[in-house]
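> Mind looking at a prediction? Sequence and model below.
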Protein chains: 2
Amino acid sequence: MLDWNPALYRRYEDERTRPAQELLARVPLSEAARVVDLGCGPGNSTELLAHRFPQAQVTGTDNSEAMLASARERLPQARFELSDIATWAPQDQAPDLIYANASLQWVPDHETLIPRLFDALAPGGVLAIQMPDNRQEPTHRLMRALAAEAPWAEPIGDADKLRTQLLPLGGYYDLLAPKAANVDVWHTIYQHRMADAASIVEWVRGTGLKPFVDRLPPDLQASYLVEYERRVNEAYPARTDGKRLLAFPRMFIVAQKKA
Amino acid sequence: MLDWNPALYRRYEDERTRPAQELLARVPLSEAARVVDLGCGPGNSTELLAHRFPQAQVTGTDNSEAMLASARERLPQARFELSDIATWAPQDQAPDLIYANASLQWVPDHETLIPRLFDALAPGGVLAIQMPDNRQEPTHRLMRALAAEAPWAEPIGDADKLRTQLLPLGGYYDLLAPKAANVDVWHTIYQHRMADAASIVEWVRGTGLKPFVDRLPPDLQASYLVEYERRVNEAYPARTDGKRLLAFPRMFIVAQKKA
């Protein structure tokens, strides 16, 4: 079972919180009684939700006890529950907002999952989703290429399969549009300024690289990370100020149920 | 001399104002004394600026008298000036914010223009730019393809050259990063929901298609638009709700001068 390192994840919290804010900014609700943060992580997104909807009962869910402990410490007034998104359902009344920031990419079967979450909303409710869409970026192509090479291929195996293959953006629109009052979908490709190749590796170690590295024994972890950083260094050349620009595409979906 | 149709441009005002808002949301200033809106059009972006910086002297510039008349009617308290961005310079004190929403793509020589605008800022000031980056989208590839075919090719000539070829996003970063306190660059690819192919044609007629159509006599305008709409209809298939999704990539640049 994977578990997460809240401290490592939080190191780039500003960059990770920006998409959460931009997703929330597009939620067309002036108030909400019940709000759910699916895959709340260390609670940075839950805090945004509690601030935007101060009257709401806000519930964060995560499948990591470490993340939940970190979230409870951060936001004692919210409710946090251990649960898997794949089987999650509202316990009592239907929520007005189901918000999933950077979590659904770890959950399979989007063709059934996404309509099921939408159907769980109260009338007029909103489903708001953000997912990294960076599988074709050099960071992710390189981690897969290396994972197919000896001596790392055998222990890593099918680690790549842990992450769900996203639908094209229009596919999410097609799933939701016939049943929604309106659906807004878009991509933002952020360009994060990173000090050097090591910082880029550190960034992806907190998320996408984790399933690969976790399957390696310590000596192979070390050699994998050295070679990975060497290739990242070539793929992200220094800009005129010496920094590297890490392109990071993210997909956004905001769908509102008929009232 | 091209002139603009404010009513046509305003028809998709919500969609056109969203990038202006998202650009402004990333401007890291809590206050500003002097704000300039370069290429203000009918004043929708100027209104956002006046609202965000109520204490500021806000000046909108445009090279279209029709747009300026529309802007003055909308926002009587702001100052509006006829001028060309290519030769624009602050008349008295240096501005704290130079804001250019969907205008610099009509101005050539970005390698000299962009640093010149940045240098015109007061210390700690911000240059904020948004430009459509849709030359490789079907809408724009199709208008060029058609403009290369008889009977339209001869009258249209080099209309495509009226629009500046943008640098890659990293090129703008490279121009500004060595002299800036910080530079933030990103893309957002909006997906506008359009009723049908005719609506997509109407959208681009307000901007990108204009230089092409303006050079045609009336009968060739009509035949060009019929054939263009036919090809747009094929390139943007109907979604599950019958709507078309018009992908619209936009480039954003926010650079702050050292204090």
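On my side now, so go ahead. Numbers count the residues shown, from 1 in each chain, chains lettered A, B, ... in the order given.

> The residue positioned nearest the centre of chain A and residue A:199, how far apart?
Geometric centre of chain A, nearest residue: residue A:102, 1.5 Å, by C-alpha atoms, centre = their mean. Computed as C-beta to C-beta, to the nearest Å, the residue A:102 to residue A:199 distance reads 19 Å. To be clear about C-beta, it is placed using only N, CA and C from the backbone, and glycine gets the same treatment.

> The residue nearest to the centre of chain A reaches residue A:134, doesn't it?
No: if you go by C-beta atoms under 8 Å, residue A:102 and residue A:134 don't touch, sitting 11.1 Å apart.

> Tell me the helices and strands packed up against the helix or strand where residue A:183 lies.
Using DSSP states H and E, residue A:183 maps to strand A:180-194. Strand A:180-194 is packed against helix A:13-25, helix A:169-176, helix A:197-205, strand A:244-257, helix B:169-176, strand B:180-194, with contacts defined by 3 or more C-beta pairs under 8 Å, 6 or more residues apart in numbering or on different chains; DSSP states H and E.

> Of those, which is nearest residue A:228?
Closest to residue A:228 of those, according to C-beta to C-beta: helix A:197-205, at 6.3 Å.

> Only the buried residues of the closest one, if you could.
A:197, A:199, A:200, A:201, A:202, A:203, A:204, A:205 (16 or more other C-beta atoms under 10 Å in any protein chain shown).

> Quick check: which ranges of the stretch 151-259 of chain A have low pLDDT?
Applying pLDDT under 70 to the stretch 151-259 of chain A flags no residue at all.

> Contact distance from chain B - what residues of it qualify?
Proximity of the stretch 151-259 of chain A to chain B (C-beta under 8 Å from any C-beta of the partner chain) is limited to residues A:169-170, A:173-175, A:177-178, A:182-191, A:193, A:239-241, A:243, A:245.

> try 7 Å
By the rule C-beta under 7 Å from any C-beta of the partner chain, the part of the stretch 151-259 of chain A lying against chain B is A:169-170, A:173-174, A:177-178, A:185-191, A:239-241, A:243, A:245.

> Stretch A:15-33 close to chain B?
No: using C-beta under 7 Å from any C-beta, stretch A:15-33 never reaches chain B; the gap is at least 7.6 Å.

> measure that stretch end to end?
Taking C-alpha to C-alpha, to the nearest Å, stretch A:15-33 runs 29 Å from one end to the other.

> Equivalent analysis for stretch A:131-149, please.
Note: stretch A:131-149 ends 28 Å apart using C-alpha to C-alpha.

> what's in contact with that stretch?
Outside stretch A:131-149, the residues that touch it by C-beta atoms under 7 Å, 6 or more residues apart in numbering or on different chains are A:102, A:104-105, A:152-153, A:156, A:159-160, A:166, A:187, A:200, A:204, A:208-209, A:212, A:224, A:227-228, A:231-232, A:235-236, A:247-251.

> Tell me how many other residues crowd residue A:137.
Number of residues near residue A:137 (other C-beta atoms under 10 Å in any protein chain shown) recorded here: 19.

> Would you check that residue A:249 makes contact with residue A:189?
Yes: when contacts are counted by C-beta atoms under 7 Å, residue A:249 is listed as touching residue A:189 (4.5 Å).

> Show me the helices in chain A, by range?
Remark: helices assigned in chain A by DSSP state H are A:6-10, A:13-25, A:44-52, A:65-74, A:110-119, A:138-147, A:153-156, A:169-176, A:197-205, A:210-214, A:218-235.

> Can you give the distance of the longest one from its chain's centre?
Distance of helix A:218-235 from the chain centroid (C-alpha atoms, centre = their mean, to the nearest Å) equals 24 Å.

> Now it: buried residues?
A:220, A:221, A:224, A:225, A:228, A:229, A:231, A:232, A:233.

> Name only those of the residues of the stretch 151-259 of chain A next to chain B that count as buried.
Applying 16+ other C-beta under 10 Å to those flags A:169-170, A:173-174, A:177, A:185-191, A:239, A:243, A:245 as buried.

> now the helices and strands packed on strand A:180-194 in a markdown table, with distance to residue B:48?
Listed next are the helices and strands packed on strand A:180-194 as a markdown table, based on distance: least, C-beta to C-beta, whole Å:
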| stretch | distance to residue B:48 |
| --- | --- |
| helix A:13-25 | 14 |
| helix A:169-176 | 27 |
| helix A:197-205 | 33 |
| strand A:244-257 | 21 |
| helix B:169-176 | 22 |
| strand B:180-194 | 17 |
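
> now for those, which one comes closest to residue A:90?
Closest approach to residue A:90 among these (C-beta to C-beta): strand A:244-257, 13.6 Å.

> which strands and helices sit next to the closest one?
Packing partners of strand A:244-257 (3 or more C-beta pairs under 7 Å, 6 or more residues apart in numbering or on different chains; DSSP states H and E): strand A:126-132, helix A:169-176, strand A:180-194, helix A:197-205.

> can we see that at 8 Å?
helix A:13-25, helix A:110-119, strand A:126-132, helix A:169-176, strand A:180-194, helix A:197-205.

> quick revisit: select, out of the helices and strands packed on strand A:180-194, the one closest to residue A:121.
strand A:244-257 (4.9 Å).

> neighbouring strands for that closest one, and are they parallel or not?
Sheet pairing for strand A:244-257, assigned by DSSP bridges, gives strand A:126-132 (antiparallel), strand A:180-194 (antiparallel).

> For the ones you listed, give me CSV that also has distance to residue A:80.
CSV is the format used below for those (distance: least, C-beta to C-beta, whole Å):
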stretch, distance to residue A:80
strand A:126-132, 19
strand A:180-194, 28
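
> Looking at those, spot the one closest to residue A:65.
strand A:126-132 (23.3 Å).

> Now do the same for the closest one: mean pLDDT, whole number.
Averaged over strand A:126-132, pLDDT sits at 97.

> how far is it from where the chain is centred?
Distance, stretch centre to chain centre, for strand A:126-132: 9 Å (C-alpha atoms, centre = their mean).

> That one to helix A:44-52, inter-axis angle?
Angle between the axes of strand A:126-132 and helix A:44-52 is 150 degrees (criterion: axes from the mean of the first three to the mean of the last three C-alpha atoms, to 10 degrees).

> list the buried ones in strand A:126-132?
A:126, A:127, A:128, A:129, A:130, A:131, A:132.

> Please tabulate those residues in JSON lines and include distance to residue B:36 as additional columns.
Formatted as JSON lines, those follow (distance: C-beta to C-beta, whole Å):
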{"residue": "A:126", "distance to residue B:36": "37"}
{"residue": "A:127", "distance to residue B:36": "40"}
{"residue": "A:128", "distance to residue B:36": "35"}
{"residue": "A:129", "distance to residue B:36": "38"}
{"residue": "A:130", "distance to residue B:36": "34"}
{"residue": "A:131", "distance to residue B:36": "38"}
{"residue": "A:132", "distance to residue B:36": "36"}
